[in-house]
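Peer 1: model the structure of this input:
(4 chains)
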Number of protein chains: 2
Amino acid sequence: MDEVAGRRPGLSEQLAESLLALIAGERLAPGDALPTVRALAERLDVTAPTIREALRRLEATDAVRLRHGSGIYVGPGVLRTLMPNPNPIPVDGAQVLFLVEARLAIEPGVAALAARHRSAEQLARLEASATPGAEAGSGAGTAQGSERRKRANFHRELAGACGNPVLYEVVDSLLAARAGEQRALRRLVPDRARDLDQHWAIFEAVRDRDAELAEELTRSHLIELRENTAAQVAETD
Amino acid sequence: MDEVAGRRPGLSEQLAESLLALIAGERLAPGDALPTVRALAERLDVTAPTIREALRRLEATDAVRLRHGSGIYVGPGVLRTLMPNPNPIPVDGAQVLFLVEARLAIEPGVAALAARHRSAEQLARLEASATPGAEAGSGAGTAQGSERRKRANFHRELAGACGNPVLYEVVDSLLAARAGEQRALRRLVPDRARDLDQHWAIFEAVRDRDAELAEELTRSHLIELRENTAAQVAETD
DNA sequence: GCGTGCAGATTGATTAAATCAATTAGTCAA
DNA sequence: TTGACTAATTGATTTAATCAATCTGCACGC
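Peer 2: Have a look, this model is predicted:
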């Protein structure tokens, strides 16, 4: 009946907003501590279980983190505008294909942007992710300290080099979603060495600021991935 | 200390997964009802407040919906792989610009895909969204029933016409994020009529299956949007 | 001196029972 | 048939108490 029921006051949703307002008001950054559950409950004039529900809601998007025996902390999620669904349900092969095709539509353009805008540091990170085994290596000057570093994924780093944090989140979310589903397939990459060669070629194009080449190499690289994926989906089907 | 602390079992996170498993196991679709809080609590061998925390976590991503006095229902969020951050914090002008530029990197390619793959029905929806005032109109045959229809946004419909649900979610998320931030700016579109004309031109290109034209028109359309946004950001700054 | 290890305090996690509030459905009267 | 009232269902919140994990600091021993 209600159809476009505008959604009324809500529930403990208000509390979640109040908590975000508190974080924003106090200029808290990821890693900073929040008051205790009991303190928050008193401050917002509700009881502990209620404040807890609001915290769980925020925790779902990694906006806060509750560490047993320690306290409540701001999480990296507050800063994001986009994210993968943290509650993924098992998917079918068609969905995996859509995922790869979405990357095919997005990442070539991102590679072109990266070739134009990449900084020296971003280039170094990209090179490291294109080099297997090298891992963290030296990089003594980066001082990445508390920065949360995911495992160096070439495509992630490529998106990071484009200079647009929103685009990075888009690609990061697609990759994260894929990670949750790639278990359904045997191996997405039959020829690992070939994969690395292509990564390296893309890196070189970005290094030389050749946007068109970077775009085209990324496109053909992902087309191969799509073909491999389609073949495995058909096989599993 | 823990650095890469792997994250232990977690907490009531297990319960959230159990609930998702229940949804998946029972083949429940968005709109279907779940057992009552008390029943779930007994079934999963925990007490009501605990199950409630898990439900809040799922509610945050629209995987379930709790309707006071009615019951618990599966939400549309379960099917998504990507979503906008449901807990957005106020942003600055730079972030808004990044958002527009991300759309500029993505939507032209989406328009090209839409021109190639759009169905007759998708074309009709696109035309409707390009025509102001027409609104729902006739369309007696669609029988959209319980389908949750957001207000007809041209760019959203364009993404819907590309045939890739993941790409649709990407664009949808970017638009939703923008909606949460456009209040910071006066008006993103100074000339509404010009905007509509451009939408109509894009529609025509998609109708005629002219992928290159659709791509180019969408690009120039978004470039204008970027310029307008940049001007307003600079002004507000 | 320095590190180990054992209390105690802090803080989140969970339980328990009870009450409040909103929706739904059923019933009865006009 | 229609409308309003009532009662059952179900989620929302409170209160109080207990369990468990983490951190702090002091004492002990090498």
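
Peer 1: show me where pLDDT drops low in chain A?
Peer 2: A:1-11, A:133-151, A:180-190, A:237 (pLDDT under 70).

Peer 1: go again with 80.
Peer 2: A:1-11, A:90-91, A:132-152, A:178-191, A:233-237 (pLDDT under 80).

Peer 1: and the residue sitting nearest the centre point of it, how far from DNA strand D?
Peer 2: Chain A has A:D172 as the residue nearest its centroid, 3.3 Å off, counting by Cα atoms, centre = their mean. Taking Cβ to the nearest atom of the strand, to the nearest Å as the measure, A:D172 falls 28 Å from DNA strand D. (Glycine included, C-beta is placed from N, CA and C.)

Peer 1: what helix or strand is that residue located in?
Peer 2: Here A:D172 sits within helix A:165-179, counting by DSSP states H and E.

Peer 1: C-alpha coordinates for that helix, PDB please?
Peer 2: C-alpha atoms of helix A:165-179 as PDB (Å, rounded to 0.1, in the frame of the first residue of the first chain):
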ATOM      1  CA  PRO A 165      40.000   7.900  -5.500                       C
ATOM      2  CA  VAL A 166      36.400   7.300  -6.600                       C
ATOM      3  CA  LEU A 167      37.500   5.300  -9.700                       C
ATOM      4  CA  TYR A 168      39.900   3.400  -7.400                       C
ATOM      5  CA  GLU A 169      37.000   2.500  -5.200                       C
ATOM      6  CA  VAL A 170      35.000   1.300  -8.200                       C
ATOM      7  CA  VAL A 171      37.800  -1.000  -9.400                       C
ATOM      8  CA  ASP A 172      38.600  -2.100  -5.900                       C
ATOM      9  CA  SER A 173      35.000  -3.000  -5.300                       C
ATOM     10  CA  LEU A 174      34.800  -5.000  -8.500                       C
ATOM     11  CA  LEU A 175      38.000  -6.900  -7.600                       C
ATOM     12  CA  ALA A 176      36.800  -7.500  -4.100                       C
ATOM     13  CA  ALA A 177      33.500  -8.900  -5.400                       C
ATOM     14  CA  ARG A 178      35.400 -11.100  -7.800                       C
ATOM     15  CA  ALA A 179      37.500 -12.400  -5.000                       C
END
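
Peer 1: does it reach chain B?
Peer 2: Yes: using Cβ under 8 Å from any Cβ of the partner chain, helix A:165-179 reaches chain B at A:165-167, A:170, A:173-174, A:177.

Peer 1: what does chain A put close to DNA strand C?
Peer 2: Neighbours of DNA strand C within chain A, by Cβ under 7 Å from any atom of the strand: A:8, A:36-38, A:48-49, A:52, A:55, A:66-72.

Peer 1: one more time with 6 Å
Peer 2: Proximity of chain A to DNA strand C is confined to A:36-38, A:48-49, A:52, A:66, A:68-69, A:71-72 under the rule Cβ under 6 Å from any atom of the strand.

Peer 1: which residues touch A:D62?
Peer 2: A:75-77, A:80, A:83, A:86 (Cβ atoms under 8 Å, 6 or more residues apart in numbering or on different chains).

Peer 1: thinking again about what came up before, pull the distance from the helix or strand following the helix holding A:D172 to the chain's centre.
Peer 2: Next helix or strand after helix A:165-179 toward the C-terminus (DSSP H and E): helix A:192-207. Here helix A:192-207 is found 22 Å from its chain centre; the criterion is Cα atoms, centre = their mean, to the nearest Å.

Peer 1: how many residues are close by the closest residue to A:L66 other than its chain neighbours?
Peer 2: In space, and not counting its chain neighbours, A:L66 is closest to A:I72: 5.5 Å by Cβ to Cβ, 6 or more residues apart in numbering or on different chains. Neighbourhood size, A:I72 [other Cβ atoms under 10 Å in any protein chain shown]: 22.

Peer 1: and what about A:I72, helix, strand or coil?
Peer 2: strand (DSSP: H, G, I helix; E, B strand; the rest coil).

Peer 1: thinking it is in contact with A:D32, fair?
Peer 2: No: applying Cβ atoms under 8 Å as the test, A:I72 and A:D32 come out as separate, 10.0 Å apart.

Peer 1: common neighbours of those two, please.
Peer 2: Both A:I72 and A:D32 lack any common contact, where contact means Cβ under 8 Å, 6+ apart.

Peer 1: ok so, going back, now do the contacts for the residue nearest to A:L66.
Peer 2: So A:I72 contacts A:33-37, A:40, A:55, A:64-66 (Cβ under 8 Å, 6+ apart).

Peer 1: ok, 6 Å please
Peer 2: A:34, A:64, A:66 (Cβ atoms under 6 Å, 6 or more residues apart in numbering or on different chains).

Peer 1: and for A:P165?
Peer 2: Contacts of A:P165 were listed using Cβ under 6 Å, 6+ apart, and they are B:F98.

Peer 1: coming back round to it: can you select the buried ones among the contacts of A:D62 for me in ChimeraX?
Peer 2: Command for ChimeraX that selects the buried part of those, burial taken from 16 or more other Cβ atoms under 10 Å in any protein chain shown:
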select /A:75,77,80,83,86
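
Peer 1: and the contacts of A:D62, which two are the farthest apart?
Peer 2: Using Cβ to Cβ, the contacts of A:D62 span at most 12.8 Å, a distance reached by A:P76 and A:P86.

Peer 1: count of residues packed around the closest residue to DNA strand C within chain A?
Peer 2: Proximity to DNA strand C, evaluated over chain A using Cβ to the nearest atom of the strand, is greatest for A:T36 at 3.2 Å. The tally of other residues near A:T36 (other Cβ under 10 Å) stands at 13.

Peer 1: which SS class is A:G69?
Peer 2: coil.

Peer 1: roughly how far does it sit from A:T36?
Peer 2: To A:T36, A:G69 is 11 Å away according to Cβ to Cβ, to the nearest Å.

Peer 1: burial of A:A114, as a residue count?
Peer 2: Neighbour count of A:A114, defined by other Cβ under 10 Å: 31.

Peer 1: quick check: the residue of chain A nearest DNA strand D.
Peer 2: Closest approach between chain A and DNA strand D, counting by Cβ to the nearest atom of the strand: A:G69, at 2.4 Å.

Peer 1: got the phi and psi for that residue?
Peer 2: phi 80, psi -10 (degrees, to the nearest 10).

Peer 1: do A:L82 as well
Peer 2: Taking degrees, to the nearest 10 as the convention, A:L82 sits at phi -140, psi 150.

Peer 1: give me the beta-bridge partners of it?
Peer 2: For A:L82, the beta-bridge assignment (DSSP bridges) gives partners B:P84.

Peer 1: and chain A, what are its domains?
Peer 2: A:13-79, A:93-135+A:151-236 (automatic domain parsing).

Peer 1: of all those domains, which lies closest to B:E107?
Peer 2: Per Cβ to Cβ, nearest to B:E107 of the domains of chain A: domain A:93-135+A:151-236, 9.9 Å.

Peer 1: quick check: end-to-end length of that closest one?
Peer 2: One end of domain A:93-135+A:151-236 to the other measures 8 Å (Cα to Cα, to the nearest Å).
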